[in-house]
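Trainee: this one's sequence-less:
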């Protein structure tokens, strides 16, 4: 506090100056002042304590950390003598074993305006900051008596202001925490070591059907977790929520039910995280999500997956087949769909119809699906008895447990191929009939324009078949037959017989 005024680091050439080991500040000043020696210190608290008791002359660090450390240690003989050109950014942190709080915290923090951020920073950074004035000189001019009186008054005022700031900071922190938790979409409940609710956010009250503050002080297990999905009692001794503040471990449950105030149940996923203070468990935070609609949709998808006539398959990012549906049993005439997973290429010919090896073609298609996200192509499979099974394959890229994967649909084209073959045979038979019969055939569209004629009709008309095609029928009829043809076309267009 009684140190002389300085304008910057350049005035501390002969002083003992401390910096935190491994922090960015150390890198900055060592780069800017390579010929200087610095006292390397492990923590900010140790650094400000050394300045306070004279073991070092000065310490270079960030304002927030210095402010916090001086308040924590109760140091009152320090001042900020100068600023540096170095800037640092700060972030809001969440315990690594409480990942469920990250999304709601991020959403709430995004609502804080720049003005509010500045206000919060100013409230934290409250170390006394003296600028370009030598207070020794001022003290000498004013006089010892006035200096002492002013010092006493300043101490009283500073103490009162500090306590007021601390109270305001606590109030703002509590209000901000409440706003953050109430803005979360997931239900969040805090319980003490006796399992009684100490905090319930809006989402939890809404999902459970309780009013504002109605659950506070209530035993959570008895109110919302007393029974299993089938209605049988759920002993508290086996409750994972309770276990979190008993054994101090994180407990995650993917499918259980919670009970509303009206006695109805809904499916949830939840995590129960213990709360520690001074090394002992004092309660737990329970974060839960209503998964009723999600489970219903999953059940519908599972029913489609297991009962579809089409085959469904899933490949991982290494292009390994890891699952398929029971439809594969019917399609490939096997006893278990597991056979298809274990022996995939046994159900493929060595070469595809275009001559590409099946293994090579499969790898290419999977790579293309991973790259493009969607791919559809025709593929030749074999049934268990070696018969060709023409298929249409659709591949779609998706995410599975946070990793890229491919969902595949196999559609059996056997019946379609049979129908196409029958149609080709029928067309060929018709062409043969039309080309060999002595009767004339003349095919026109709805506008009476010629689509095709057989050789016999061309001979009757005395025109080459190629020149008749595209002409209207009226060009080859007399006036009387033209009228009859127009009437027939009108009745046909009107749906009359």
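Mentor: Great, that's in hand. Just so we're clear, the structure is a prediction, and the values are computed from it rather than from any experiment. Residues are numbered from 1 along each chain as shown.
Trainee: Which stretches in the stretch 351-497 of the chain count as helices?
Mentor: Counting by DSSP state H, counting those that start in this stretch, the stretch 351-497 of the chain has helices at residues 358-372, 414-436, 455-461, 465-468, 479-493.
Trainee: which residues of the stretch 201-350 of the chain score low on pLDDT?
Mentor: The model of the stretch 201-350 of the chain has no residue with pLDDT under 70.
Trainee: quick one: pLDDT of residue 166?
Mentor: Residue 166 carries a pLDDT value of 68.
Trainee: Between the helices of the stretch 351-497 of the chain, which one is closest to residue 107.
Mentor: helix 358-372 (31.9 Å; CB to CB). For every residue, glycine as well, the C-beta is placed using N, CA and C.
Trainee: picking up where we left off before, worst mean pLDDT among the helices of the stretch 351-497 of the chain?
Mentor: helix 414-436 (a mean of 79).
Trainee: which residues touch it?
Mentor: With contact meaning CB atoms under 8 Å, 6 or more residues apart in numbering, helix 414-436 is reached by 389, 390, 441, 454, 455.
Trainee: For PyMOL, what selects the buried ones among the residues you listed?
Mentor: Only the buried entries of these go into this PyMOL selection, using 16 or more other CB atoms under 10 Å:
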select buried, resi 389+390+454
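Trainee: Let me know the closest of the contacts of helix 414-436 to residue 298.
Mentor: Nearest to residue 298 out of the contacts of helix 414-436 is residue 389 (CB to CB; 30.3 Å).
Trainee: Now do the same contact list for the spatially closest residue to the closest one that is not a sequence neighbour.
Mentor: Counting by CB to CB, 6 or more residues apart in numbering, residue 389 lies nearest to residue 381, which is 4.2 Å off, once chain neighbours are set aside. Listed by CB under 8 Å, 6+ apart, the contact partners of residue 381 are 332, 347, 348, 388, 389, 390, 391, 410.
Trainee: Residue 463: which of those residues is nearest?
Mentor: Lowest distance from residue 463 to the contacts of residue 381 (CB to CB) belongs to residue 390, with 43.6 Å.
Trainee: Counting neighbours, what do you get for the nearest residue to the closest one once chain neighbours are set aside?
Mentor: Leaving aside its sequence neighbours, residue 390 sits nearest to residue 413 (CB to CB, 6+ apart; 4.4 Å). Applying other CB atoms under 10 Å, we find 18 residues neighbouring residue 413.
Trainee: which residues of the stretch 1-150 of the chain fall in helices?
Mentor: Going by DSSP H, counting those that start in this stretch, the stretch 1-150 of the chain shows helices at 24-32, 44-53, 63-73, 102-109, 114-124, 135-142, 144-183.
Trainee: pLDDT on the first one, on average?
Mentor: The predicted model gives helix 24-32 an average pLDDT of 83.
Trainee: which outside residues touch that helix?
Mentor: 9, 19, 20, 36, 38, 40, 60, 61, 62, 84, 86, 88.
Trainee: Can you list the buried residues in it?
Mentor: 25, 26, 28, 29.
Trainee: Which member of those residues is positioned nearest residue 375?
Mentor: Closest approach to residue 375 among those (CB to CB): residue 28, at 52.4 Å.
Trainee: what's the distance between that closest one and residue 34?
Mentor: To residue 34, residue 28 is 12 Å away according to CB to CB, to the nearest Å.
Trainee: mind checking how far residue 434 is from residue 379?
Mentor: Taken as CB to CB, the span from residue 434 to residue 379 is 37 Å.
Trainee: Actually, residue 21.
Mentor: The gap separating residue 21 from residue 379 is 62 Å, by CB to CB.
Trainee: Residue 224 now?
Mentor: Taking CB to CB, one finds residue 224 at 52 Å from residue 379.
Trainee: Compare the two (neighbour count), which wins?
Mentor: For residue 224 versus residue 379, neighbours defined as other CB under 10 Å are more numerous around residue 224 (28 against 18).
Trainee: That one: what's it in contact with?
Mentor: So residue 224 contacts 208, 215, 258, 259, 260 (CB under 8 Å, 6+ apart).
Trainee: From those residues, list just the buried residues.
Mentor: With burial judged by 16+ other CB under 10 Å, the buried subset of the contacts of residue 224 is 208, 215, 258, 259.
Trainee: Please enumerate the strands of the stretch 201-350 of the chain.
Mentor: Per DSSP state E, counting those that start in this stretch, the stretch 201-350 of the chain carries strands over the ranges 251-259, 265-277, 280-290, 311-316, 321-324.
Trainee: nearest to residue 472, of these?
Mentor: Nearest to residue 472, of all the strands of the stretch 201-350 of the chain, is strand 311-316, at 51.7 Å by CB to CB.
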